[in-house]
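Q: only geometry, no sequence info:
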């Protein structure tokens with residue numbers, strides 16, 4: 001419980017809130033322009049994808065829902081990407097606050113971090129498209145979506161945070177066993193307006209305390 005207690009204390013600190021505001025504005029700017037530009041094309045793609053449904057009213061309502069979901073997913077991908085790329089200084093600051101004796105043993109390579117995040121985003125998008133029909137099933141759809149969001153966050157978090165504080169591959173392998181759970185917990189924020197913008201940095205903070213709290 002101390003893991004979550006410390007993480008919640010950090011997530012609502014001034015430094016983290018300011019970081020989240022900056023990343024959110026950046027993600028919004030980068031997301032809105034292509035969404036508006038490709039809106040008609042995206043609409044046609046989704047309508048074509050839903051054409052197998054025999055009920056016209058469901059095609060229409062499903063199209064609107066998927067358009068909104070697709071735009072939201074694109075925003076989350078950008079938010080995750082920018083949070084991953086720019087969180088290093090914040091994570092070190094938080095680590096020094098809670099664990100003053102901790103040593104920073106390395107730094108995440110920007111290119112590697114970008115590749116890992118893009119790969120996770122691509123896997124997320126592919127699975128999202130494949131599981132679209134299941135997302136409309138109550139409860140089951142929400143659980144699947146929660147897991148998909150965890151895919152978006154898990155590997156970038158392992159790399160970004162692990163690179164700062166762990167240089168032992170075996171130790172990192174042991175620590176990442178629980179990261180799916182941590183990523184799913186952080187992804188719960190995506191169901192709450194405004195707090196959803198905290199999900200990418202929250203999973204990094206959770207993992208930070210996970211790897212440093214037992215040392």
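A: Here it is on my side, so go on. The model shown is predicted, which means the values in this text are computed figures rather than measured ones.

Q: return the helix or strand in this structure with minimum mean pLDDT.
A: Ranking every helix and strand in the chain by mean pLDDT, DSSP states H and E puts helix 39-49 at the bottom, with a mean of 64.

Q: residue 104 contacts residue 165, doesn't it?
A: Yes - the criterion here is Cβ atoms under 8 Å, and residue 104 meets it with residue 165 at 6.8 Å. (C-beta placed from N, C-alpha, C; glycine too.)

Q: anything in contact with each of these two?
A: residue 95 (Cβ atoms under 8 Å, 6 or more residues apart in numbering).

Q: so for the two, which sits in the more crowded spot?
A: residue 165 (23 against 13; other Cβ atoms under 10 Å).

Q: ok, that one to residue 105 distance?
A: 6 Å (Cβ to Cβ, to the nearest Å).

Q: please apply the same query to residue 191.
A: Counting by Cβ to Cβ - residue 191 and residue 105 are separated by 36 Å.

Q: residue 149 too?
A: Separation of residue 149 from residue 105 (Cβ to Cβ): 29 Å.

Q: pLDDT weak spots in the chain?
A: 1, 39-65, 214-215 (pLDDT under 70).

Q: so which residues of it form helices?
A: In the chain, helices defined by DSSP state H lie at 2-11, 14-37, 39-49, 56-86, 88-98, 110-130, 132-135, 140-165, 169-175, 179-187, 199-212, listed in chain order.

Q: still on that earlier bit, which one of residue 149 and residue 105 has more residues nearby?
A: Neighbours per residue, other Cβ under 10 Å: of residue 149 and residue 105, the larger number sits with residue 149, 27 against 12.

Q: list the contacts of that one.
A: Residue 149 touches 76, 124, 183-184, 187, 190, 199, counting by Cβ under 8 Å, 6+ apart.

Q: do residue 111 as well
A: Contacts of residue 111 (Cβ under 8 Å, 6+ apart): none.
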